[in-house]
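A.B. asks: coords below, sequence missing:
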């Protein structure tokens, strides 16, 4: 019986990562995921999402605990400021995706990362949302992502920057700029 | 001295909303907002964003409390499942934006909404993220947004659906479908 040794890089279990890649290569349907949430309005600018079960390779999976995500608007946007607002959550989705993607992809290449820190800024012109001008975009006009990482050589870093699911969805529409 | 009466629809202070619209109309620079977060890697698939101060019409504004947004991957994606994952956060950003936009735009038109509930599903093929096939999108291939609302007549509802900042950013890239 072969003895399996867990090898971790960046906290990622490389033998399980290898198994996952091999499994999805062999049976592409195992790579099919569906994520779900349910959102309910509470009042004014406040609402809450519950993260639901997801499907992974055809299997239904429950999260270990119940995740509730709160949203509200700050007072200047007429809310009660009880949570980050939708466009702040969007920055978090983007940032968390960048961070996780970098860490996993670095691990797969045997690159130990010491730290990953990013700051994101998004510019928004309220005239879009308020329908005051048809030429002004309703969402962010521009997002700047400034990334600090330790342990990834300059030559490797740009390879990670293109492997980012959420950024991929936004890049072609928004002027997302990546700075180091 | 005129007496101002606060009128609320959907919890939105209509006199303040009117003042905001008038102010931004008169001085477009007041509509200029910048939102910011800082994200830090914790380990493996786990990371955390702190919502920072934002700028609103040139003024720096602090949130009333500290918002920390947690992200992790579920165990099947090699994480410890300590938070919603990045693409679940993306669904929340989208849902919360849709909800808030609907409620505010309805209020501005004097339409009382009784409830807003949405469920979102996003389909993702892991082969994209794992770089197993160059033709497979790294993010969601498709997002379905199913919206239930009370109090908005059929004739009005589609007008709200186009006023959604986050959805706007995604719509042209992703096959986001809106169902009622």
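C.D. replies: Noted; the coordinates are in hand. Values in this document were obtained by computation on a predicted structure and should not be read as measured data.
A.B. asks: now the strands: where do they sit in chain A?
C.D. replies: Under the criterion DSSP state E, chain A contains strands at A:8-9, A:12-13, A:32-43, A:46-51, A:54-56, A:59-61, A:68-71, A:115-125, A:140-150, A:175-179.
A.B. asks: could you dump the ones you listed into JSON lines with mean neighbour count and distance to residue B:116 added?
C.D. replies: Where C-beta positions appear, they are placed from N, C-alpha and C, glycine not excepted. Output for the strands of chain A, formatted as JSON lines (neighbours: other C-beta atoms under 10 Å in any protein chain shown; distance: least, C-beta to C-beta, whole Å):
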{"stretch": "strand A:8-9", "mean neighbour count": "17", "distance to residue B:116": "44"}
{"stretch": "strand A:12-13", "mean neighbour count": "19", "distance to residue B:116": "39"}
{"stretch": "strand A:32-43", "mean neighbour count": "20", "distance to residue B:116": "4"}
{"stretch": "strand A:46-51", "mean neighbour count": "23", "distance to residue B:116": "7"}
{"stretch": "strand A:54-56", "mean neighbour count": "20", "distance to residue B:116": "23"}
{"stretch": "strand A:59-61", "mean neighbour count": "11", "distance to residue B:116": "27"}
{"stretch": "strand A:68-71", "mean neighbour count": "20", "distance to residue B:116": "12"}
{"stretch": "strand A:115-125", "mean neighbour count": "20", "distance to residue B:116": "22"}
{"stretch": "strand A:140-150", "mean neighbour count": "18", "distance to residue B:116": "23"}
{"stretch": "strand A:175-179", "mean neighbour count": "14", "distance to residue B:116": "29"}
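A.B. asks: adding mean pLDDT and distance to chain B, write those out as JSON lines.
C.D. replies: Shown next, in JSON lines, are those (pLDDT from 0 to 100; distance: least, C-beta to the nearest C-beta, whole Å):
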{"stretch": "strand A:8-9", "mean pLDDT": "94", "distance to chain B": "8"}
{"stretch": "strand A:12-13", "mean pLDDT": "97", "distance to chain B": "6"}
{"stretch": "strand A:32-43", "mean pLDDT": "97", "distance to chain B": "4"}
{"stretch": "strand A:46-51", "mean pLDDT": "98", "distance to chain B": "4"}
{"stretch": "strand A:54-56", "mean pLDDT": "98", "distance to chain B": "5"}
{"stretch": "strand A:59-61", "mean pLDDT": "98", "distance to chain B": "6"}
{"stretch": "strand A:68-71", "mean pLDDT": "98", "distance to chain B": "4"}
{"stretch": "strand A:115-125", "mean pLDDT": "91", "distance to chain B": "4"}
{"stretch": "strand A:140-150", "mean pLDDT": "79", "distance to chain B": "7"}
{"stretch": "strand A:175-179", "mean pLDDT": "47", "distance to chain B": "10"}
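A.B. asks: and these as JSON lines, adding distance to residue A:109?
C.D. replies: Putting the strands of chain A into JSON lines (distance: least, C-beta to C-beta, whole Å) gives the following:
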{"stretch": "strand A:8-9", "distance to residue A:109": "9"}
{"stretch": "strand A:12-13", "distance to residue A:109": "11"}
{"stretch": "strand A:32-43", "distance to residue A:109": "23"}
{"stretch": "strand A:46-51", "distance to residue A:109": "30"}
{"stretch": "strand A:54-56", "distance to residue A:109": "24"}
{"stretch": "strand A:59-61", "distance to residue A:109": "28"}
{"stretch": "strand A:68-71", "distance to residue A:109": "32"}
{"stretch": "strand A:115-125", "distance to residue A:109": "15"}
{"stretch": "strand A:140-150", "distance to residue A:109": "14"}
{"stretch": "strand A:175-179", "distance to residue A:109": "19"}
